[in-house]
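*Asks:* what would the 3D arrangement of this be:
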Amino acid sequence: MAWYPVSQVPPPLLLIHLLDSRFEGFLRVPDARGDLTVHFRQGLPVRSECQNPALAAGTVGDHLLELFSSGIEQFQIETMSIPPGDGLNPLPWIRRGLRERYDLARLEHETRELARSRITTSPRLDAAVDHFDLTPPELEILRQLKAAPCTITQLRGASALSFKDILSLLYTLASCRLLQSVPAEAEVPAPGPAPTPEAPPAAAPAPDAAEPEIVTELHRLTASLQDENPFVRLGLPLTASVEDIDARFRELARKFHPDTLARKELSEFVAEAQDVFAKLTEAYNLLKDDAERERYRKPAESKEDLAEVRRVLEAEVLYQKGIIHFRRKEYGLAEQMFLEARKKNEDGSHLAMWAWLRFLNPENDRKAVREEVKIALQKAIQLTPREADFYFYLGKVCLDMEQIASARQYFNKAVEINSEHIEAARELRMLERRARHAANPIAHATGSFLNLFKKKD
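*Replies:* Numbering: from 1, shown residues only. Next comes the predicted model:
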């Protein structure tokens, strides 16, 4: 089962991704008070349940809101077949989640991409705006964005809404790909009195006002095209849709095509325009590919970060293969898969499953490996302290080593974490019987003898 940190995949983008990909399966948020699980069919939440008594009676919408809570750090996703049900439109719940569960600091952090450019509305906004039940001040912000691209600072200065309300509105629309960004405008000096020249200037033809502006924009675009992320190169948010990408590329290609600058008698900038056009085309081709587009939606600060993401995903694939071999009792193959996953990303699950399969694998000398297995399981528990199975595995290893007190301690911990852990409860009952027999061997022997004479039912 895949784990994802909320810091990399925030709830608004997650729900939109599940909707766009028509995801079928479940999303689970682990919680010490009781896990929360939401089932999706065709990208829409259809039902949910929560083991936390305080939330158990909530509706599917209430449980969607919980995904936005600040205490949520990670979630699990697994595909599976889900029975049909009435799907819930997630868009208004994204709006409520951002408005009710996010504080200003979190909003500012997750909307930092929006703050870097001017914003305008997507052509798809009119068809979707009724989903959000917006107030008149919020509709006024949309009217301003339709009229002309604005920065967040400009919107803040012109609106009666609080800064938090403005950010939550913009984040909602951007997550749903109903906004698009354009490059920031060049700074224009405030008008003021012209300085008095000491001597009349020589007469000169008036320049074409459009030429300096297009050249300034060309230089700015050249600088932005040095970024490795094609979304940044095209001046688009990471949430931009395929339609937004097409429209943006056509706009830039039409404006900065070398032939356009040549027609404007700006031939000294044609070489720069040719380089810009080539890089725009490269960025556009990358974003046309579905896999590449999704990869660049997750911003990485460096090549090392991208390599880290790939390494973690490869480890997860190996871990899932190990689980399949484990279920088939192919212990040698399972041990190898978990070892490879551990090498790529030694988290608690990878380490614990490698250790457990090393203990189970009949090809290994159990007595020779069990001390190594015990140490590995103890480390796995340090990494993931709330996983009942890890304590059960460690209890079994200790039992095999005749470390009865330690085994009992670990089985008790497994049951404490998961009261329905059948295997750990069974081991505790067996240890209890074993202790009773050891305390009174005569009664045990006599009782066994007398059992022969019990009346059969």
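
*Asks:* what packs against the helix or strand hosting residue 28?
*Replies:* Using DSSP states H and E, residue 28 maps to strand 25-29. In terms of contacts (3 or more Cβ pairs under 8 Å, 6 or more residues apart in numbering; DSSP states H and E), strand 25-29 is packed against strand 36-41, strand 74-79. C-beta: built from backbone N, CA, C; applies to glycine.

*Asks:* run the last query once more with 10 Å
*Replies:* Secondary-structure packing of strand 25-29 (3 or more Cβ pairs under 10 Å, 6 or more residues apart in numbering; DSSP states H and E): helix 11-20, strand 36-41, strand 44-50, helix 60-66, strand 74-79.

*Asks:* out of these, nearest to residue 138?
*Replies:* helix 11-20 (16.6 Å; Cβ to Cβ).

*Asks:* test my guess that residue 375 contacts residue 355.
*Replies:* Yes - contact criterion Cβ atoms under 10 Å: residue 375 and residue 355 qualify, at 8.4 Å.

*Asks:* neighbour count: those two, which is higher?
*Replies:* Per other Cβ atoms under 10 Å, whichever of residue 375 and residue 355 has more neighbours is residue 355, with 28 against 11.

*Asks:* how close does residue 63 sit to residue 38?
*Replies:* Using Cβ to Cβ, to the nearest Å, one gets 6 Å for the distance from residue 63 to residue 38.

*Asks:* shared neighbours, these two?
*Replies:* Taking Cβ atoms under 10 Å, 6 or more residues apart in numbering as the criterion, residue 63 and residue 38 both touch 27, 29, 45, 47-50.

*Asks:* check these and tell me the two furthest apart.
*Replies:* Comparing all pairs in the shared contacts of residue 63 and residue 38 by Cβ to Cβ, the longest separation belongs to 29 and 47, at 15.3 Å.

*Asks:* next, the buried residues of the helix or strand where residue 405 lies.
*Replies:* Taking DSSP H and E as the definition, one finds residue 405 inside helix 404-417. By neighbour count with 16 or more other Cβ atoms under 10 Å, helix 404-417 contains the buried residues 406-408, 410-415, 417.

*Asks:* what helices and strands are in contact with that helix?
*Replies:* helix 366-383, helix 388-400, helix 422-439.

*Asks:* looking at it now, give me its mean pLDDT.
*Replies:* Regarding helix 404-417, the rounded mean pLDDT is 94.

*Asks:* how near is the nearest residue to residue 292 once chain neighbours are set aside to residue 297?
*Replies:* Leaving aside its sequence neighbours, residue 292 sits nearest to residue 286 (Cβ to Cβ, 6 or more residues apart in numbering; 4.9 Å). Separation of residue 286 from residue 297 (Cβ to Cβ): 12 Å.

*Asks:* which neighbours do those two share?
*Replies:* Jointly contacting residue 286 and residue 297 under the rule Cβ under 10 Å, 6+ apart are 229, 231.

*Asks:* and the closest residue to residue 26 other than its chain neighbours, bridged to which residues?
*Replies:* Spatial nearest neighbour of residue 26, chain neighbours left out: residue 39 (4.9 Å); criterion: Cβ to Cβ, 6+ apart. Beta-bridge partners for residue 39, by DSSP bridges, are residue 26, residue 47.

*Asks:* what's around residue 39, how many residues?
*Replies:* A count of nearby residues for residue 39, using other Cβ under 10 Å, gives 20.

*Asks:* and it, what is it in contact with?
*Replies:* Taking Cβ under 10 Å, 6+ apart, one finds 24-28, 45-49, 60, 80, 82-83, 85 in contact with residue 39.

*Asks:* residue 159 too?
*Replies:* So residue 159 contacts 137-138, 140-141, 144, 165-166, 169 (Cβ under 10 Å, 6+ apart).

*Asks:* how is the chain carved up into domains?
*Replies:* Domains of the chain are assigned by automatic domain parsing as 2-89, 102-185, 237-299, 305-450.

*Asks:* what about the last one, distance to the chain center?
*Replies:* Looking back up the chat, that one is domain 305-450. Distance of domain 305-450 from the chain centroid (Cα atoms, centre = their mean, to the nearest Å) equals 30 Å.

*Asks:* now swap in stretch 167-184 and tell me
*Replies:* 18 Å.

*Asks:* give the buried residues for it.
*Replies:* 167-181, 183.

*Asks:* now stretch 110-124
*Replies:* Quick answer for stretch 110-124 (16+ other Cβ under 10 Å): 110-111, 113-114, 117-122.

*Asks:* would a markdown table of the residues you listed with pLDDT and distance to residue 311 be doable?
*Replies:* What follows is the buried residues of stretch 110-124, written out as a markdown table (pLDDT from 0 to 100; distance: Cβ to Cβ, whole Å):
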| residue | pLDDT | distance to residue 311 |
| --- | --- | --- |
| 110 | 85 | 25 |
| 111 | 85 | 29 |
| 113 | 73 | 25 |
| 114 | 75 | 30 |
| 117 | 75 | 32 |
| 118 | 82 | 37 |
| 119 | 86 | 35 |
| 120 | 88 | 38 |
| 121 | 88 | 39 |
| 122 | 83 | 35 |
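
*Asks:* in strands only, show me those residues.
*Replies:* 118-121 (DSSP state E).

*Asks:* so for stretch 330-350, what gets flagged as buried?
*Replies:* Using 16+ other Cβ under 10 Å as the test for burial, stretch 330-350 gives 330-331, 333-342, 344-350.

*Asks:* where does the chain dip in pLDDT?
*Replies:* Within the chain, the stretches with pLDDT under 70 are 1-3, 181-212, 224, 298-310, 439-457.
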